[in-house]
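Engineer: Quick one: sequence and predicted model below, then my questions.
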Amino acid sequence: MDYRSAFLSPSDLESFTAHLQRSQRIVAVPGAGLSASSGLPTFRGAGGLWRNYNATSLATPGAFRSDPGLVWMFYSYRRHMSLNAKPNPAHYALAELARRKPEFLTLSQNVDGLSPRAGHPADQVKLLHGSLFDVKCEDESCGYIRRDDFDDPIVPALAIPADESSMAEQSKARPDQALQAAMARKAALIKGLDISDASIPIPTIPRSSLPHCPKCKTSLLRPGVVWFGEMLPEAVLSDIDAYFDEVDPKPQAEAGNKGHMQPKKVDLCLVIGTSSQVYPAAGYASQARSMGARVAVINTDPSDARDLQEGDWFFKGDAADIVPEILK
Ligand code: BV8
């Protein structure tokens, strides 16, 4: 049965609200759609960040090794966009829910920093994929990491040109080929052109102008995000495991449990503004469901409301409108 159609009626707000009130252990798994109304492009949607910028080929260690300047331009642009964005009512509503429900945990896929800026209690939000505002040494054995680096740009060579004219000014000042090509590339990134377009010169920002590690000196600093093919941060994974493994202090007297401690049930999982295509993040909703959770999907696109089951909810629309509405 296609549950999507059965869960568009407003009466589900009533049943959801009743369940939310009874719920203690709640997990939220937000994606880029949570920040869409803050003006940050999503990855796969229309006009999406990745569709245009071929970002899946940029968000990898290999891309950074082969063209660190290009990858830094992409992330410098996203740092710039995120710093100029503001948390929207959905970010604030999740932070408020965390204050009301101490066993509520947000597992955010977003690296834009908007949930922390909305005052989401830090111990109740896990940044699965790191943050645009952490930078770390590309050499893992060095271990240098700098958190909450909001410098924009992080180095002068990564300044985002305000517009074409300022770009023309800058390239007039230094007409060398590398700068002109880099400016053309930045313009393409900003315009959302597909940077794999061969007609756009492949510039390289000189390695010397990129941020270097202050500890080991020789290596570059890289964005503190999790790239494809990289493990999620160990501390984050173990915190999440601890949450799901938390046992119920009352030994279960039911037959078959012989008084063993069972992991606590999860009551509700909120899947907000995500295409649920990236793992392991996308797997947490089914993990919550396997522990008893009912699932509520909030998305503008019904086709991304995956695996809905009896008892779930699907609320179609903008997270910035719906999330504050259903959590109040
Ligand atoms: C891992 C940070 C294991 C960077 C991101 C080969 C090797 C290893 C792993 C793999 C492999 N092949 C595949 C994998 C698994 C891989 C993966 O899942 N690939 C996918 C593409 C199939 N995962 C990994 O690599 C992960 N690591 O598995 O390590 C391992 C084991 C051993 C050794 C080594 C490794 C790491 C994945 C992390 C990647 N980094 N982000 C950056 O941001 O640049 S992922 C990035 O993409 C985001 O963080 C997010 O997770 C994802 C984007 O998804 P969404 O957020 O959902 O955004 P999207 O645009 O897709 O959807 C938006 C949704 O919102 C839509 O549904 C839309 O309808 C909706 N919407 C739009 N507007 C609104 C809205 N909804 C509501 N309101 C609105 N206004």
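Structural biologist: Happy to help now that I have it. Keep in mind that this is a model prediction, so the values were computed, not measured. Numbering: from 1, shown residues only.
Engineer: Can you check which strand is longest in the chain?
Structural biologist: Using DSSP state E to define each element, the chain has its longest strand at strand 130-137.
Engineer: In this protein, mark out all the strands, start to finish.
Structural biologist: 26-30, 104-108, 125-127, 130-137, 145-146, 221-225, 268-272, 294-299, 313-316.
Engineer: Turn these into a markdown table, columns for mean neighbour count and distance to the ligand.
Structural biologist: In this view, the C-beta of every residue, glycine as well, is placed from N, C-alpha and C. What follows is the strands of the chain, written out as a markdown table (neighbours: other CB atoms under 10 Å; distance: least, CB to the nearest ligand atom, whole Å):
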| stretch | mean neighbour count | distance to the ligand |
| --- | --- | --- |
| strand 26-30 | 27 | 8 |
| strand 104-108 | 25 | 8 |
| strand 125-127 | 22 | 9 |
| strand 130-137 | 22 | 6 |
| strand 145-146 | 16 | 16 |
| strand 221-225 | 23 | 4 |
| strand 268-272 | 26 | 7 |
| strand 294-299 | 24 | 4 |
| strand 313-316 | 20 | 9 |
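Engineer: Take the ones you listed and lay them out in CSV including mean pLDDT.
Structural biologist: What follows is these, written out as CSV (pLDDT from 0 to 100):
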stretch, mean pLDDT
strand 26-30, 98
strand 104-108, 98
strand 125-127, 98
strand 130-137, 98
strand 145-146, 98
strand 221-225, 98
strand 268-272, 98
strand 294-299, 96
strand 313-316, 94
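Engineer: what's the longest strand of the chain packed up against?
Structural biologist: In this structure, strand 130-137 packs against helix 68-83, strand 145-146, strand 221-225, with contacts taken as 3 or more CB pairs under 8 Å, 6 or more residues apart in numbering; DSSP states H and E.
Engineer: List the strands paired with it, with their directions.
Structural biologist: Strand 130-137 has the following strand partners under DSSP bridges: strand 145-146 (antiparallel), strand 221-225 (antiparallel).
Engineer: what about the stretch 1-150 of the chain, any weak spots by pLDDT?
Structural biologist: Per-residue confidence for the stretch 1-150 of the chain (pLDDT under 70) gives these ranges: 1-11, 45-55.
Engineer: Spell out which parts of it neighbour the ligand.
Structural biologist: Near the ligand, the residues belonging to the stretch 1-150 of the chain are 31-33, 36-37, 42-45, 48, 59, 109, 111, 129 when assessed by CB under 6 Å from any ligand atom.
Engineer: Of those residues, which is the nearest to Asp301?
Structural biologist: Asp301 has its nearest neighbour among these in Gly45, at 7.8 Å by CB to CB.
Engineer: Tell me if I'm right that Cys269 and Val297 touch.
Structural biologist: No: with contacts counted by CB atoms under 8 Å, Cys269 stays clear of Val297, the gap being 9.2 Å.
Engineer: Dig out what Val297 forms beta bridges with.
Structural biologist: Applying DSSP bridges to Val297 yields these beta-bridge partners: Val271, Phe314.
Engineer: In contact with it: list those residues for me.
Structural biologist: If a contact means CB atoms under 8 Å, 6 or more residues apart in numbering, then Val297 has 271-272, 304-306, 308, 312-315 as its contacts.
Engineer: Looking at those residues, which is nearest Ile145?
Structural biologist: Ranking the contacts of Val297 by separation from Ile145, with CB to CB as the measure, puts Ile272 on top at 28.2 Å.
Engineer: Is the closest one in contact with Ala32, as I believe?
Structural biologist: No: taking CB under 8 Å as the definition, Ile272 is not a contact partner of Ala32, at 10.1 Å.
Engineer: Would you mind measuring from the closest residue to Phe16 other than its chain neighbours to Cys142?
Structural biologist: Excluding the flanking residues, the one nearest Phe16 by CB to CB, 6 or more residues apart in numbering is Trp313, at 5.2 Å. From Trp313 over to Cys142 the distance is 47 Å, taken as CB to CB, to the nearest Å.
Engineer: now swap in Pro61 and tell me
Structural biologist: Pro61 is 15 Å from Cys142, by CB to CB.
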